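A.B. asks: Just to be clear, the model below is a prediction. Sequence and coordinates:
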Amino acid sequence: MMLNQSTIHQSGMSDFDLAFQLVSNKEVDVYSNGVVATPERKQKVDLTYFIWTEPYSMVVPQPEEQSRIFAFIYPYQPMVWLLIFITMIAVVLLMSSLSVIHLNVTDNGTPAIPRHRKTAFDYAIDYTMHMLSLITNQGAYIAGARFMSLRVLLGVWVLMATVLVNVYSGTVISYLTVPRTKPPINTFEDLAANRDVGIILRTEALITQHILEAKTGALKTIGDQARRHADRFWTDQEKLSRRLATGRFAYPWIQTFCQFFIVNQFKKDGACRFRMTDPLPFQSAFFSLALQKDSKFTPAFNKALMELWESGLFPYWVRNVSPQAPECFAKTKPRTISARKMPIRLADLIGAFFIFGIGFGLAIFAIFIEQIVSRASRRMATASKC
């Protein structure tokens, strides 16, 4: 008896559940698509010597290349950037204080003429620009460096800036020229920590039951995430595969299916959009034929299947019918990637243009504000004269 989609839809069950029910009700003699033995299933049908066995893996999307719009931030960790910012503020404040003490006094030690005096805020603005010039390797002249206190402070800052700039310059080049991908998914822990990829499950699969029954760890996290979305559970393998092809989900199943799916997507898209993880920490699946309970054919099937396994025909058949796409299963060598020479692309420097665009927009905004303030001041001056 062939199960077509119409029959399956009319029953309201999955193809596996319908076929298993037909065998257990003795409406058909055997279900040949493969059944994993459980105590409950053994009570309803006879399960033969296994016809195939292999471990479970996951089909997962290939890790995407990280965006480089903020590549100029990556060389330093957030804490380092924070300390640099605090250090610059401290240097500017101290230099401004020293300038107020020293530079408002003439060379002969008498107080400077009031019109020549500058406020601490004026000094802070000047020194901030000097700090930025130094840290961007532009250089800058700083008035008042004849005082020993300022010379010591400037010397320490220039030394620190030299180290920071050279370390930053060498590191940012690697971030711009070497492709960086997001962390790959290879385990359930990786999947649980990934915010972009969810899991989809086949309802009747034993591995689905293990995930949903988990009480702790990554499996519980994944199971809870799946329960919150009704579209994560499927009974129709064809619809599940279409959902998986969107590249936003991972699917745990036997390795043969993973290989078939990855190769078929490669032939369709012309690119390796998916990969197969290492074997998952589950007992390998053993698939058997399901016959009617106490069937007289069970001993004959067991003997024939054992002879087929001893002959090695099962692995030979599967190996010959499996589609091939070696490029999708090759192990990438990190040295090969890092040694590859490639020109810097626009995408690599998009962060610099992004910052320039922000600054350009702020400059235009400042011009409008200045014009508004200037016109308002002139109107007030004119009104006061009148």
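C.D. replies: Right, received. Where do you want to start?

A.B. asks: quick one: least confident helix or strand in this structure?
C.D. replies: helix 334-338 (a mean of 45; mean pLDDT, DSSP states H and E).

A.B. asks: Centre of the chain to the next helix or strand along the chain from that helix, how far?
C.D. replies: The helix or strand immediately downstream of helix 334-338 is helix 350-385, counting by DSSP states H and E. Relative to its parent chain, helix 350-385 has a centroid offset of 40 Å by Cα atoms, centre = their mean, to the nearest Å.

A.B. asks: elements contacting helix 350-385?
C.D. replies: Applying 3 or more Cβ pairs under 8 Å, 6 or more residues apart in numbering; DSSP states H and E, we find helix 350-385 packed against no helix or strand. From N, CA and C alone the C-beta is placed, and that goes for glycine too.

A.B. asks: could you give the mean pLDDT of it?
C.D. replies: The predicted model gives helix 350-385 an average pLDDT of 73.

A.B. asks: And for stretch 162-179?
C.D. replies: 75.

A.B. asks: and that stretch, which residues are buried?
C.D. replies: Neighbour-count burial for stretch 162-179, counted by 16 or more other Cβ atoms under 10 Å, picks out 164, 168, 172, 175-176.

A.B. asks: per-residue confidence at residue 137?
C.D. replies: For residue 137, the model assigns a pLDDT of 67.

A.B. asks: Likewise for residue 116?
C.D. replies: 51.

A.B. asks: what does residue 112 give?
C.D. replies: What the model reports as pLDDT for residue 112 is 48.

A.B. asks: what's the answer for residue 46, then?
C.D. replies: Note on residue 46: pLDDT of 91.

A.B. asks: residues contacting residue 204?
C.D. replies: Residues near residue 204 by Cβ atoms under 8 Å, 6 or more residues apart in numbering: 14, 16-17, 235.

A.B. asks: nope, residue 287 is what I was after
C.D. replies: Taking Cβ under 8 Å, 6+ apart as the test, what residue 287 contacts is 34-36, 50-53.

A.B. asks: and the nearest residue to it once chain neighbours are set aside, how many residues sit next to it?
C.D. replies: The shortest distance from residue 287 to any non-neighbouring residue, by Cβ to Cβ, 6 or more residues apart in numbering, is to residue 34 (3.3 Å). Residue 34: 16 surrounding residues under other Cβ atoms under 10 Å.

A.B. asks: pLDDT below threshold where in the stretch 1-150 of the chain?
C.D. replies: Counting by pLDDT under 70, the stretch 1-150 of the chain has low-confidence residues at 1-11, 101-118, 137-150.

A.B. asks: Helices along that one, start to end?
C.D. replies: For the stretch 1-150 of the chain, the helices defined by DSSP state H, counting those that start in this stretch cover 5-11, 15-24, 39-44, 78-102, 120-135, 148-177.

A.B. asks: partners of residue 181 in the sheet?
C.D. replies: Beta bridges link residue 181 to residue 65 when assigned by DSSP bridges.

A.B. asks: so who does it touch?
C.D. replies: 63-66.

A.B. asks: which residues does the residue nearest to residue 287 contact?
C.D. replies: Contact analysis of residue 34 by Cβ under 8 Å, 6+ apart lists 51-52, 287-289.

A.B. asks: Derive a PyMOL selection command for the buried subset of these.
C.D. replies: With 16+ other Cβ under 10 Å as the criterion, this PyMOL line picks the buried residues out of the contacts of residue 34:
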select buried, resi 51+52+287+288+289
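
A.B. asks: Among the contacts of residue 34, which lie within strands?
C.D. replies: 52, 287-289 (DSSP state E).

A.B. asks: For the residues you listed, name the two members farthest from one another.
C.D. replies: 52 and 289 (10.5 Å; Cβ to Cβ).

A.B. asks: can you tell me how far the residue nearest to residue 287 sits from residue 282?
C.D. replies: 16 Å (Cβ to Cβ, to the nearest Å).

A.B. asks: Please apply the same query to residue 207.
C.D. replies: 6 Å.

A.B. asks: How about residue 54?
C.D. replies: 11 Å.

A.B. asks: between those two, who's got more neighbours?
C.D. replies: Between residue 54 and residue 282, residue 54 has the larger neighbour count (other Cβ under 10 Å), namely 17 against 14.

A.B. asks: Quick check: beta-bridge partners of the more buried one?
C.D. replies: Bridge pairing for residue 54 - DSSP bridges - gives residue 285.

A.B. asks: What of the one 5 residues further on?
C.D. replies: Using DSSP bridges, the beta-bridge partners of residue 59 come out as residue 251, residue 276.

A.B. asks: And for residue 19, the neighbour number?
C.D. replies: Residues near residue 19, counting by other Cβ under 10 Å, number 21.

A.B. asks: Correction: the previous question concerned residue 381.
C.D. replies: With other Cβ under 10 Å as criterion, residue 381 counts 10.

A.B. asks: what do you get for residue 78?
C.D. replies: Residues near residue 78, counting by other Cβ under 10 Å: 8.

A.B. asks: isn't residue 188 right up against residue 223?
C.D. replies: No - between residue 188 and residue 223 there is no contact under Cβ atoms under 8 Å: 10.2 Å.

A.B. asks: what would the contacts of residue 287 look like in a markdown table with distance to residue 316?
C.D. replies: Compiled in a markdown table, the contacts of residue 287 are given as follows (distance: Cβ to Cβ, whole Å):
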| residue | distance to residue 316 |
| --- | --- |
| 34 | 18 |
| 35 | 23 |
| 36 | 23 |
| 50 | 16 |
| 51 | 14 |
| 52 | 12 |
| 53 | 15 |
